[in-house]
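Enquirer: just the structure for this:
(chains A, B, C and D)
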Protein chains: 2
Amino acid sequence: MAKRYEKIADELREDIRSGRPAPGERLPAETALAEKYRVSVPTMRQAMSVLQAEGLVERVHGRGTFVRKERTRNLRSNERHQWEKDRARNPLEERAETGSTEHDTGLTLSDLVFHAEYAEIAADDELAGVFGVEVGTRLLERRYRTRQRDEDAPFSLVSSYLVHDLVAANPELLDADKEPWPGGTQNQLYTVGIELGSIEEQVTARPPTVEEAEELAVSPGVSVIVLRKTSRATDGRVVEYSRVILPGDRTELTFVTPLRKW
Amino acid sequence: MAKRYEKIADELREDIRSGRPAPGERLPAETALAEKYRVSVPTMRQAMSVLQAEGLVERVHGRGTFVRKERTRNLRSNERHQWEKDRARNPLEERAETGSTEHDTGLTLSDLVFHAEYAEIAADDELAGVFGVEVGTRLLERRYRTRQRDEDAPFSLVSSYLVHDLVAANPELLDADKEPWPGGTQNQLYTVGIELGSIEEQVTARPPTVEEAEELAVSPGVSVIVLRKTSRATDGRVVEYSRVILPGDRTELTFVTPLRKW
DNA sequence: GAGTGGTCTAGACCACTGT
DNA sequence: CAGTGGTCTAGACCACTCC
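Expert: Predicted coordinates for the structure are as follows:
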């Protein structure tokens, strides 16, 4: 019933909460702590694992165990969609000023580092279902990762899909070098005559895959938020679909639902 | 570079993916697997921990390790708010038929087990800030947990707050025994003359606290979704605030954002 | 090279579940 | 009771980081 490792974790948690090793500072070495608490090193390590799983400390091989700093939080609101739509038909200069990510986070374009890759793929079962097209239909896959200049890891991994033939009318839309595109996807769609009518976003959370954990630099045990976004044109057709992976511990999604008056 | 425990985890993961031990079935004992893979028991256990953290298996003390079944997913859409508002002024019989949780999940009232507790509390810093009242103001705290009759753990832990003096005009609103209230919170507020104008929901994910892990019966390593809901009256005042804890691995939130036409 | 966390062993004993 | 996973030990050796 005692469970030494939990008791030790409790004590250390209390210490950290009250700022004993302050955020960013190093904890004593595991061997030292094992001696202090009079347990074996593996038991001490188990206690550390508990704190790591809680996201309270970060263990770095060869350097030590550190109290985690609150990372810069990333905000994203569904109001970004209307905001982007309102600007989608503006002249280039206005669109180029700021994008929806900047609108959400309050950062300016120069704070962000942006990376895009385009590919043509064939629709698999899932994507064919979403778009209501046949399996194998040509799709344009666009992968984005965006990070803040002063952080080393991106804060989102985005895979966005468009029906290839729908956007091919404007060849510039097939060229990744045109990214970041002023005015975003809604302006891109506008250039081929599409107006969005509604956007549906589905949110779940799960442990990261190994690749996601590496790319987003989330410590193992911290989960990711998976956001699936379906954009429909005014006629109800699905015209864009994207999957966004966000680090759960530093992302805050906001959704505002206005209600019709009585 | 080899890392035996990861290799073993990889092999077992592959086996499970291809249905070797089918969902719900038991894996061989750790001692047996340790022998099979020619590693020590602690190493074997480490491999198991990886699969557990991924949510692929569930270890039960004294019984064995089992391949996890996909649990019944719980759905929740922001369209529930308008749906509830549309019915808030309906006669009692109609309101009593179904609530917004049933609307979301497609379940009927009799599938759900509902528990409510009310308390009067003094506003702390956070709550005072949300409502724009002084610290110490009397609030009504309502805690709910809802579960499906055939599952043993609730699928949501809700703490909802109202300014006490605002709802005290209708004494029935202070009585937990009146729950589940036909028509939900929006009808409750209607009885004291309040109409909701908009609802804002903020979503994050984090590892569960020890208590949450127990109450929601999520295996350690699986994270929870935290949803903070702020309801505003038509005049913009915050009239209700709630914090909802949802198991990340079996919850899917949907948010629909309609866009104004060009 | 000194110090850190990461992997692994071989084994003891405990706690829980079923029969 | 036998069989399972959970806790803990004492120690070896490796991999990484920093000086």
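
Enquirer: look up how far A:Phe114 lies from A:Ile225.
Expert: Distance of A:Ile225 to A:Phe114, given as Cβ to Cβ, to the nearest Å: 20 Å. Quick note: C-beta positions are derived from backbone N, CA and C, even for glycine.

Enquirer: and those two? Which one has more around it.
Expert: With neighbours defined as other Cβ atoms under 10 Å in any protein chain shown, A:Ile225 and A:Phe114 compare such that A:Ile225 has more, 26 against 14.

Enquirer: so is the closest residue to A:Ala169 other than its chain neighbours in a helix, a strand, or just coil?
Expert: Of all residues not flanking A:Ala169 in the chain, A:Val192 sits nearest, at 4.7 Å (Cβ to Cβ, 6 or more residues apart in numbering or on different chains). Under DSSP: H, G, I helix; E, B strand; the rest coil, the three-state class of A:Val192 is coil.

Enquirer: pLDDT value on A:Val192, please?
Expert: Each residue has a pLDDT score; the one for A:Val192 is 96.

Enquirer: contacting residues for it?
Expert: A:Leu166, A:Val167, A:Ala169, A:Asn170, A:Leu173 (Cβ atoms under 8 Å, 6 or more residues apart in numbering or on different chains).

Enquirer: all helices for the stretch 101-250 of chain A, in order.
Expert: Along the stretch 101-250 of chain A, the stretches classed as helices by DSSP state H, counting those that start in this stretch are A:125-131, A:164-167, A:184-190, A:210-216.

Enquirer: roughly how far out does the third one sit from the chain middle?
Expert: Between the centre of helix A:184-190 and the centre of its chain there are 21 Å (Cα atoms, centre = their mean, to the nearest Å).

Enquirer: helices or strands next to that helix in the packing?
Expert: Judged by 3 or more Cβ pairs under 8 Å, 6 or more residues apart in numbering or on different chains; DSSP states H and E, the packing partners of helix A:184-190 are helix A:79-87, strand A:238-247.

Enquirer: residue of chain A nearest DNA strand D, please.
Expert: Residue nearest to DNA strand D within chain A: A:Gly62 (2.4 Å; Cβ to the nearest atom of the strand).

Enquirer: distance check, the closest residue to A:Val133 other than its chain neighbours against A:Ile194.
Expert: The shortest distance from A:Val133 to any non-neighbouring residue, by Cβ to Cβ, 6+ apart, is to A:Ala123 (6.0 Å). Here the criterion is Cβ to Cβ. By it, A:Ala123 lies 19 Å from A:Ile194.

Enquirer: hang on, A:Val167 packs against A:Tyr190?
Expert: No. Taking Cβ atoms under 8 Å as the definition, A:Val167 is not a contact partner of A:Tyr190, at 11.2 Å.

Enquirer: who has more neighbours, the two?
Expert: Of the pair A:Val167 and A:Tyr190, A:Val167 is the one with more neighbours under other Cβ under 10 Å, namely 21 against 17.

Enquirer: what is the lowest-mean-pLDDT helix or strand in chain A packed up against?
Expert: Ranking every helix and strand in chain A by mean pLDDT, DSSP states H and E puts helix A:210-216 at the bottom, with a mean of 77. Here helix A:210-216 touches strand A:156-163, strand A:238-247, going by 3+ Cβ pairs under 8 Å, 6+ apart.

Enquirer: that older thread, which of the contacts of A:Val192 are buried? Put it as a PyMOL command.
Expert: A single PyMOL command is used to select the members of the contacts of A:Val192 judged buried by 16 or more other Cβ atoms under 10 Å in any protein chain shown:
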select buried, chain A and resi 166+167+173
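
Enquirer: before we move on, back to that, could you list every residue that touches the residue of chain A closest to DNA strand D?
Expert: Going by Cβ under 8 Å, 6+ apart, A:Gly62 touches no other residue.

Enquirer: what parts of the stretch 101-250 of chain A come near chain B?
Expert: By Cβ under 8 Å from any Cβ of the partner chain, the residues of the stretch 101-250 of chain A that approach chain B are A:195-207, A:220-225, A:234, A:248-249.

Enquirer: isn't A:Pro23 right next to A:Glu58, touching?
Expert: No. Using Cβ under 8 Å, A:Pro23 is not in contact with A:Glu58; the gap is 10.5 Å.

Enquirer: got any residues that touch both of those two?
Expert: Common contact partners of A:Pro23 and A:Glu58 (Cβ under 8 Å, 6+ apart): A:Arg68.

Enquirer: in terms of neighbours, single out the busier of those two.
Expert: The neighbour count for A:Pro23 versus A:Glu58, taken as other Cβ under 10 Å, is higher for A:Glu58 (17 against 12).

Enquirer: so that one, which state does it fall into?
Expert: Relying on three-state DSSP, one would call A:Glu58 strand.

Enquirer: can you give me the pLDDT of it?
Expert: At A:Glu58, pLDDT is 89.

Enquirer: okay but it is in contact with A:Leu51, surely?
Expert: No. Assessed by Cβ under 8 Å, A:Glu58 is found out of contact with A:Leu51, at 9.6 Å.

Enquirer: can you list the domains in chain A?
Expert: Domains of chain A are assigned by automatic domain parsing as A:4-67, A:74-254.

Enquirer: out of those domains, flag the one nearest DNA strand C.
Expert: domain A:4-67 (3.4 Å).

Enquirer: where does pLDDT dip in chain A?
Expert: Flagging of chain A using pLDDT under 70 yields the residue ranges A:1-2, A:150, A:152, A:219-221.

Enquirer: what residues does it have near DNA strand D?
Expert: With Cβ under 7 Å from any atom of the strand as the criterion, chain A comes near DNA strand D at residues A:2-6, A:38-43, A:46, A:60-63.

Enquirer: hey, where'd the strands end up in chain A?
Expert: A:57-60, A:64-67, A:74-77, A:112-122, A:138-148, A:156-163, A:196-206, A:224-233, A:238-247, A:251-258 (DSSP state E).

Enquirer: and the second one, anywhere near DNA strand C?
Expert: Right, strand A:64-67. Yes. Strand A:64-67 is in contact with DNA strand C by Cβ under 7 Å from any atom of the strand, via A:Gly64, A:Thr65.

Enquirer: kindly export that strand (C-alpha atoms) in PDB.
Expert: This file holds the C-alpha atoms of strand A:64-67, laid out as PDB (Å, rounded to 0.1, in the frame of the first residue of the first chain):
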ATOM      1  CA  GLY A  64      19.600  16.000 -16.500                       C
ATOM      2  CA  THR A  65      16.000  16.300 -15.500                       C
ATOM      3  CA  PHE A  66      14.400  19.800 -15.700                       C
ATOM      4  CA  VAL A  67      11.200  21.400 -14.400                       C
END
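
Enquirer: quick revisit: which of the helices of the stretch 101-250 of chain A sits closest to B:Glu151?
Expert: Among the helices of the stretch 101-250 of chain A, helix A:125-131 comes nearest to B:Glu151, with 27.4 Å by Cβ to Cβ.

Enquirer: centre of the chain to the closest one, how far?
Expert: The answer for helix A:125-131 is 23 Å, by Cα atoms, centre = their mean.

Enquirer: what comes into contact with it?
Expert: By Cβ under 8 Å, 6+ apart, helix A:125-131 touches A:Ala123, A:Glu134, A:Val135, A:Gly136, A:Thr137, A:Leu139, A:Tyr161, A:Val163, A:Thr230, A:Val238, A:Tyr241.

Enquirer: which pair in these spans the largest distance?
Expert: A:Gly136 and A:Thr230 (20.5 Å).

Enquirer: which one of the domains of chain A is the most hemmed in?
Expert: domain A:74-254 (a mean of 17; mean count of other Cβ atoms under 10 Å in any protein chain shown).
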